[in-house]
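Colleague: What follows is a protein structure lacking sequence information:
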């Protein structure tokens, strides 16, 4: 079983669909302003999060399936 199920999710601008944002790394994530490099609109963390909820949910579901599959395999090996 893997020890790390980390994922990187590419979020999209809700206006133009660009996946590139600029932001200040020195500011806590929830307080940052995110500026789309495609259309130059500024978004809060919550706006980006809310507008990408479907992408985030899909990634979570995919990770859950992978973990469950790995757990089932491990249990099968344990009880052989």
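Modeller: That came through, no problem. Given the structure is predicted, the values throughout are model-derived calculations rather than measurements.

Colleague: For this structure, give me the ranges with low pLDDT.
Modeller: For the chain, the stretches flagged by pLDDT under 70 are 1.

Colleague: Now the residue most central in space within the chain: closest residue in space that isn't a chain neighbour?
Modeller: Taking CA atoms, centre = their mean, the centroid of the chain lies closest to residue 9, which sits 3.5 Å from it. The spatially closest residue to residue 9, leaving aside those adjacent along the chain, is residue 59, at 5.0 Å (CB to CB, 6 or more residues apart in numbering). In short, each C-beta sits where N, CA and C put it, glycine included.

Colleague: next one: residue 55
Modeller: Leaving aside its sequence neighbours, residue 55 sits nearest to residue 9 (CB to CB, 6+ apart; 6.1 Å).

Colleague: Just the element for the residue nearest to residue 9, please.
Modeller: Secondary structure here is read from DSSP states H and E; on that basis residue 59 sits in helix 53-78.

Colleague: So for that helix, what gets flagged as buried?
Modeller: The neighbour-count criterion (16 or more other CB atoms under 10 Å) identifies no buried residues in helix 53-78.

Colleague: Please, which helix or strand holds the residue nearest to residue 55?
Modeller: According to DSSP H and E, residue 9 maps onto no helix or strand at all.

Colleague: distance of the spatially closest residue to residue 30 that is not a sequence neighbour from residue 51?
Modeller: In space, and not counting its chain neighbours, residue 30 is closest to residue 45: 4.9 Å by CB to CB, 6+ apart. Distance check for residue 45 against residue 51: by CB to CB, to the nearest Å, it reads 11 Å.

Colleague: Looks like the residue nearest to residue 30 contacts residue 31 (just checking).
Modeller: Yes: taking CB atoms under 8 Å as the definition, residue 45 is a contact partner of residue 31 at 7.2 Å.
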